[in-house]
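>>> no FASTA, just this:
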């Protein structure tokens, strides 16, 4: 065997070997975990927004801090939505799911509170309603409203910009003004990513926000933009203030438009 023949044989062997391994090298994870949490987030304190003396500077700093995370979470949701569509298409064409997709669907059903006893067609339909974006303008103004522009104790000490509650003892902060007999706490998070993911998942799966998801579905069906103004109408149960709360959010979106958008 000549030297050139030997080199050719080695290259062919490597190519065949890589071709065989390629599906396994690129095999996706069996489940669909939340988007990765940046390790540095657990050690980086939330900025001290109270240090800003100018209101305009505080607003811009707050939105600039939160916006990249909101965009990252929405990108994750769009990617997850695409994977659900692909699974649904495979199921319709093949009459079943692979073992891997079966595990993915099981995770999605649990993560988005889908009834496991529903038919698989109904499960896919509900997932397509629940796994979708929350407009950045709505997220940003809700965070500003609920956290006093990032200056609240819950925001500064627990990344809770969204007023999220939890119901397990020790899961968060005990509110100073909690009513007698109440057992809720204000949730505490290790980082901004986990807090934002939990907030978006809450809007996407809790029965209290079915109207928000219906508004979004209709906008998609009519190929109209999904806006914070529109989806805010589905937040009647987010606050005890009801309609006044919605009107305040919509007003905040309008007057802060120049700071919200890049």
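Sure, I can see it. The structure displayed is predicted, hence computed values, not measured ones.

>>> and for the strand or helix carrying residue 244, what are the contacting residues?
Taking DSSP states H and E as the criterion, residue 244 maps to helix 243-255. With contact meaning Cβ atoms under 8 Å, 6 or more residues apart in numbering, helix 243-255 is reached by 137-138, 141-142, 144-145, 228-229, 232-233, 235-236, 238-239, 241, 260. All C-beta atoms are positioned from the backbone trio N, CA, C, and that covers glycine.

>>> stretch 90-97 now?
87, 98, 101, 105, 120, 124.

>>> flag the shaky bits of the stretch 1-150 of the chain, pLDDT-wise.
1-44 (pLDDT under 70).

>>> residue 108 and residue 156, how far apart?
34 Å (Cβ to Cβ, to the nearest Å).

>>> what about these two, which has more around it?
Taking neighbours as other Cβ atoms under 10 Å, residue 108 and residue 156 compare with residue 108 leading, 22 against 18.

>>> so the more buried one is in contact with residue 88, correct?
No: distance between residue 108 and residue 88: 11.3 Å, which falls outside the contact criterion (Cβ atoms under 8 Å).

>>> pull out the buried positions in the helix holding residue 244.
245, 246, 249, 250, 252, 253 (16 or more other Cβ atoms under 10 Å).

>>> dump these to a markdown table, plus distance to residue 150 and pLDDT.
As requested, the buried residues of helix 243-255 are exported to a markdown table (distance: Cβ to Cβ, whole Å; pLDDT from 0 to 100):
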| residue | distance to residue 150 | pLDDT |
| --- | --- | --- |
| 245 | 19 | 96 |
| 246 | 22 | 98 |
| 249 | 17 | 98 |
| 250 | 21 | 98 |
| 252 | 14 | 98 |
| 253 | 17 | 98 |
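
>>> which one of these is nearest residue 72?
residue 253 (20.8 Å; Cβ to Cβ).

>>> please report the distance of that closest one from residue 122.
For residue 253 relative to residue 122 (Cβ to Cβ), the value is 34 Å.

>>> ok, now which ones touch residue 115?
By Cβ under 8 Å, 6+ apart, the neighbours of residue 115 are residue 123.

>>> and if we set it to 10 Å?
109, 122, 123, 126 (Cβ atoms under 10 Å, 6 or more residues apart in numbering).

>>> farthest-apart pair in those residues, please.
Largest pairwise distance in these, by Cβ to Cβ, is 10.9 Å, between 109 and 122.

>>> quick one: which of these two has more around it?
residue 109 (17 against 12).

>>> which residues touch that one?
115, 116, 118, 120, 123, 126, 127.

>>> Produce a ChimeraX select command limited to the buried residues of those.
Applying 16+ other Cβ under 10 Å to those, the buried members can be selected in ChimeraX as follows:
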select :123,126,127
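
>>> buried ones in stretch 102-117, by neighbour count?
Quick answer for stretch 102-117 (16+ other Cβ under 10 Å): 104, 105, 108, 109, 111, 112, 114.
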